[in-house]
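# structure for the following, please:
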Amino acid sequence: MTAIFLPEGNLFRATEHAGGPWSPDMLQGSATAALMAREVERLALRTGFAIRRLTFDLWRPAGLRAFAVETAMLRDGRKAKTIQVRLLDGDIEIGRCTALVTAPGEESPRDPFSHPASPDTAPEAGTPPPAFAQNWSRYFQNVSVRLIEGALEKPGPAAAWMRLDVPLVAGELNTPLLQSVQAADFSSGVAQIVDMREWTFVNPEISLYYFRPPEGEWILIRSRTRVGTGGAGLTTATLSDRGGPFAEVMQAMSFERRARSAQAS
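Numbering: from 1, shown residues only. Modelled structure (predicted):
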């Protein structure tokens, strides 16, 4: 069976389907973030708490190897808990997720200032990206994409439905939470604003803020990127399912101009 990771005892071995855009031998950020989120979700389900925030620090590039995942409860409160998940390549920490989970309340107040939003175009009515864009990475080739605003191959804000079509971990179903996390990593790519022949950009972190649990397989990303000074930028995105918005995403961006020889090629 095609999968992103294969379980090996207490480890998870990345397959060739985990390859990212910079090298087929290096993991896509979506894969590392979703694997850490899997551990958060498992612990949240055991405690009965709701996931409210996920912050991922992606510290080092990760190769197609076997990884360990370590989980710790940093704060075990009655109304809020803080969970830490570490992704390890041997003794080297590749990345870390810090999660906030809270006790669910009995009801929510009505917001008298909100206005019903127009329903988003369904993924079935969206447009697939060009084939060359779908080949952006080996991982991305296993993601269904349906654009409803903008274009992946052109700079500017855009909106796209996404769904990972293969199991993150072999033998398991992808939960809506995992679908939302793996999609969130593509926010900066959906809203890229530069000519990638002239510039490179990375997001060394991702933060997601949930105000309700996601539902279903398809996740809609509606994102935009702002540029500041000193190569800094910020991508923000709203994540929606078929029922409407459920989370906000923020990514700190770093831009770097390519060398002239790379531009010429």
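
# using PDB, write out every CA atom in stretch 92-105.
Extracted in PDB, the C-alpha atoms of stretch 92-105 (Å, rounded to 0.1, in the frame of the first residue of the first chain):
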ATOM      1  CA  ILE A  92      19.000  14.600  16.600                       C
ATOM      2  CA  GLU A  93      15.800  16.600  17.100                       C
ATOM      3  CA  ILE A  94      14.300  17.400  13.700                       C
ATOM      4  CA  GLY A  95      11.300  19.400  14.800                       C
ATOM      5  CA  ARG A  96       8.900  20.100  17.700                       C
ATOM      6  CA  CYS A  97       5.200  20.600  18.100                       C
ATOM      7  CA  THR A  98       3.800  22.500  21.100                       C
ATOM      8  CA  ALA A  99       0.000  22.000  21.400                       C
ATOM      9  CA  LEU A 100      -2.600  23.700  23.600                       C
ATOM     10  CA  VAL A 101      -5.700  21.600  24.400                       C
ATOM     11  CA  THR A 102      -8.700  22.900  26.400                       C
ATOM     12  CA  ALA A 103     -11.600  21.300  28.200                       C
ATOM     13  CA  PRO A 104     -14.700  21.600  26.100                       C
ATOM     14  CA  GLY A 105     -17.500  23.900  27.400                       C
END
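
# quick one: distance of it to the chain centre.
Remark: stretch 92-105 is offset 14 Å from the chain centroid, using CA atoms, centre = their mean, to the nearest Å.

# buried set for it?
Neighbour counts over stretch 92-105 (16 or more other CB atoms under 10 Å) mark I94, G95, R96, C97, T98, A99, L100, V101 as buried. For the C-beta atoms, the positions are set from N, CA and C on the backbone; glycine is no exception.

# the third one: what secondary structure?
Spelled out, it's R96. Assigned by DSSP: H, G, I helix; E, B strand; the rest coil, the conformation of R96 is strand.

# so who does it touch?
M36, F56, D57, W59, Q84, V85, R86, L87 (CB atoms under 8 Å, 6 or more residues apart in numbering).

# helices of this protein, start to end?
29-47, 131-134, 176-184, 187-190, 260-264 (DSSP state H).

# and of the ones you listed, who's closest to M253?
With CB to CB as the criterion, M253 lies closest to helix 187-190 of these, at 6.0 Å.

# now do the buried residues in the closest one.
S187, S188, G189, V190.

# low-confidence ranges in this structure?
Across the chain, residues meeting the criterion (pLDDT under 70) sit at 1, 195-196, 260-265.

# the lengthiest strand in it pairs with which strands, parallel or anti?
Longest strand in the chain, counting residues (DSSP state E): strand 244-257. Its sheet considered, strand 244-257 pairs with strand 199-202 (antiparallel), strand 205-210 (antiparallel), strand 232-241 (antiparallel) by DSSP bridges.

# which one of the buried residues of stretch 92-105 sits closest to P129?
G95 (27.2 Å).
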